[in-house]
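Asks: Fold the following, please.
(one chain, ligands or ions: 1)
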Amino acid sequence: MPIGELPERVTVYEVGPRDGLQNQAEVIPTDVKVRFVDALSRARLPYIEVTSFVRPGMIPQLADAEQVAEEIERRPEIAYTALVPNSRGMERASRAHLDGIAVFTAASETFSRHNTNAGIAETIERFRPVVAEAQARGIWTRGYVSTAFGCPYEGDISTEAVVNVSKDLLALGVSQLAISDTIGVATPRQVDKVLDALLEEMPVQQLALHFHDTRGTALANVLAGLQRGITIFDASAGGLGGCPYAPGASGNLATEDLLYMLEGLGIETGVSLSDVVEASRLLASATGRVPSSRYFAAATA
Ligand code: MG
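Replies: Have a look, this model is predicted:
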């Protein structure tokens, strides 16, 4: 069966400095983070999630959010975003002049309670003033729907649960949803099924997919998303970030691996693959950690 028609252009949303570094055991020095983000900017990634404005004690890896936002060299054509958990975080993010903010909830009630100490409905209420404030300031917004394809506590997640939380986020006024496979269990037909349900309720342009390669299915899932017309995919340079629910396993889909496949499919991204490799190399030499990206390994062999 032919692959069929795919989008001509895709937007890559880089999550390495936030989602990646947040899940690394060690705390990276601020100046290394700044050089890493600057290297990602040189690669012309159109969206870079640079940090998280959670309470500094909560995630020590990202306690320097203000300094990172202050010291990175911004390019006007790139949107620099950050995760914001509540109104206090929103205040800090707007003082830091971020172009966009992201809020984070889940399709699994149990995961939401473990991760944010609040049920799904409570997180939505918490985001209401955050999104309103962002809109008033002209700041772009995204909502993460984590555990959309499976939960470390509940196991299978119903498609209905994914659709419900997605609709709630859109009703708040969030511009984009990142439908996320937090523990890396999704497989292509499941992706197709979840998208089938979501696309009944919302336009394809508002949907991004966030895959983890924990079990080696991330790129197959991206292809399933492309076949449904999805044009926004999250990735992390070098495959940065472990999986907190599978210690030792890889986490986020690597930006290099995603770009290599998209280039091969003839899909434009505007991103320089070789410059992403340079960004990963820079971070790897500062941390001494070998990136999990397969493309990185092949390109630097
Ligand atoms: Mg992730």
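Asks: which residues sit in contact with residue 126?
Replies: Neighbouring residues of residue 126 by Cβ atoms under 8 Å, 6 or more residues apart in numbering: 85-86, 118. Yep, even glycine has a C-beta here, placed from its N, CA and C like the rest.
Asks: repeat that for 6 Å
Replies: The contact partners of residue 126, taken as Cβ atoms under 6 Å, 6 or more residues apart in numbering, are residue 86.
Asks: To which secondary structure element is it assigned?
Replies: In this structure, residue 126 sits in helix 120-136 according to DSSP states H and E.
Asks: Just the CA coordinates for the very next helix or strand once past that helix, please, in PDB.
Replies: Sequence-wise, the next helix or strand downstream of helix 120-136 (DSSP H and E) is strand 140-146. Provided in PDB are the C-alpha atoms of strand 140-146 (Å, rounded to 0.1, in the frame of the first residue of the first chain):
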ATOM      1  CA  TRP A 140       1.100  32.600  22.200                       C
ATOM      2  CA  THR A 141      -0.100  29.500  24.100                       C
ATOM      3  CA  ARG A 142       0.200  25.700  23.900                       C
ATOM      4  CA  GLY A 143      -1.300  23.000  26.100                       C
ATOM      5  CA  TYR A 144       0.300  19.700  26.700                       C
ATOM      6  CA  VAL A 145      -2.000  16.700  27.000                       C
ATOM      7  CA  SER A 146       0.400  14.200  28.600                       C
END
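Asks: send the alpha carbons of the very next helix or strand once past strand 140-146 over as PDB?
Replies: As assigned by DSSP H and E, the chain's next helix or strand after strand 140-146 is helix 159-172. Taking Å, rounded to 0.1, in the frame of the first residue of the first chain, the C-alpha atoms of helix 159-172 are listed here in PDB:
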ATOM      1  CA  THR A 159      -9.600   8.100  23.500                       C
ATOM      2  CA  GLU A 160     -12.600   9.900  25.000                       C
ATOM      3  CA  ALA A 161     -10.400  11.100  27.900                       C
ATOM      4  CA  VAL A 162      -7.900  12.500  25.400                       C
ATOM      5  CA  VAL A 163     -10.600  14.300  23.500                       C
ATOM      6  CA  ASN A 164     -12.300  15.700  26.600                       C
ATOM      7  CA  VAL A 165      -9.200  17.300  28.100                       C
ATOM      8  CA  SER A 166      -8.200  18.600  24.600                       C
ATOM      9  CA  LYS A 167     -11.500  20.300  24.200                       C
ATOM     10  CA  ASP A 168     -11.300  21.800  27.600                       C
ATOM     11  CA  LEU A 169      -7.900  23.300  26.800                       C
ATOM     12  CA  LEU A 170      -9.100  24.700  23.500                       C
ATOM     13  CA  ALA A 171     -12.100  26.200  25.300                       C
ATOM     14  CA  LEU A 172      -9.700  28.100  27.500                       C
END
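Asks: For helix 159-172, enumerate the helices and strands it packs against.
Replies: helix 120-136, strand 140-146, helix 188-199 (3 or more Cβ pairs under 6 Å, 6 or more residues apart in numbering; DSSP states H and E).
Asks: Mean confidence (pLDDT) on the helix holding residue 126, please.
Replies: Averaged across helix 120-136, the pLDDT comes to 97.
Asks: between it and helix 159-172, how many degrees?
Replies: Orientation check (axes from the mean of the first three to the mean of the last three Cα atoms, to 10 degrees): helix 120-136 against helix 159-172 gives 30 degrees.
Asks: which ones are touching residue 52?
Replies: Contacts of residue 52 (Cβ under 6 Å, 6+ apart): 18, 62, 83.
Asks: what's across from it in the sheet?
Replies: Per DSSP bridges, the residues bridged to residue 52 are residue 83.
Asks: how much space between it and the ion?
Replies: Noted for residue 52: a distance of 12 Å to the ion, by Cβ to the ion, to the nearest Å.
Asks: Return the distance of that residue relative to residue 150.
Replies: 23 Å (Cβ to Cβ, to the nearest Å).
Asks: near the ion, which residues of this protein?
Replies: Within the chain, the residues that sit near the ion (Cβ under 5 Å from the ion) are 19, 252.
Asks: What does the residue in the stretch 201-301 of the chain positioned nearest to the ion show for phi and psi?
Replies: Going by Cβ to the ion, the ion is nearest to residue 252 of the stretch 201-301 of the chain, at 4.5 Å. Backbone torsions for residue 252, taken as degrees, to the nearest 10, come to phi -60, psi 140.
Asks: No more questions from me, cheers.
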